[in-house]
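Trainee: I'll drop the sequence and a predicted model, then ask my questions.
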Amino acid sequence: MLRGRYISRAAGDVAGILRAPLVKLDGVAMTLNVDSWVGTTCVQALASDGKVLPGFALADCEPVKADAVAAPLGWKRSLSVLRVQTVRWEFTLRNGGCSDSIGIVGAAL
């Protein structure tokens with residue numbers, strides 16, 4: 001992972017939202033360094049205009065409930081359909097945290 005691409009956020013009973021900057025995606029899978037074994041972390045993909053991309057809404061995301069360095073993220077659609085598109089990731093955290101890194105498998109951000 002390139003230097004300067006690390007973050008750490010945590011949330012309690014009330015959900016917290018974190019929006020990442022726009023990135024051009026070039027990958028087929030996404031992992032998250034997360035500490036959500038008590039709570040959950042969900043991620044949705046937004047277009048550059050801020051609209052949720054079909055198949056990548058919070059409701060389409062398989063909630064991550066784990067304490068893992070590389071927890072896989074999954075949606076109703078394959079991440080490969082977003083390849084070479086510019087997207088913004090929006091993370092929703094509850095009783096947990098998203099920390100350190102986001103990994104895109106087979107990608108260069």
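Mentor: Received the coordinates, thanks. Numbers count the residues shown, from 1 in each chain.
Trainee: Check what pLDDT residue 48 gets.
Mentor: The score at residue 48 is 93. That number is its pLDDT.
Trainee: tell me, how many neighbours does it end up with?
Mentor: 10 (other Cβ atoms under 10 Å). For glycine as for every other residue, the C-beta is placed from the backbone atoms N, C-alpha and C.
Trainee: same thing with the one 3 residues further on?
Mentor: A count of neighbours around residue 51, defined by other Cβ under 10 Å, yields 8.
Trainee: Phi and psi next, for it.
Mentor: Per-residue torsions, residue 51: phi -80, psi 140 (degrees, to the nearest 10).
Trainee: Next: residue 60.
Mentor: Dihedral angles (degrees, to the nearest 10) for residue 60: phi -90, psi -10.
Trainee: now stretch 26-42: mean pLDDT?
Mentor: Average pLDDT, stretch 26-42: 82.
Trainee: Please state the offset of that stretch from the chain centre?
Mentor: 6 Å (Cα atoms, centre = their mean, to the nearest Å).
Trainee: Would you work out how far apart the start and end of it are?
Mentor: Terminal residues of stretch 26-42 are spaced 21 Å apart (Cα to Cα, to the nearest Å).
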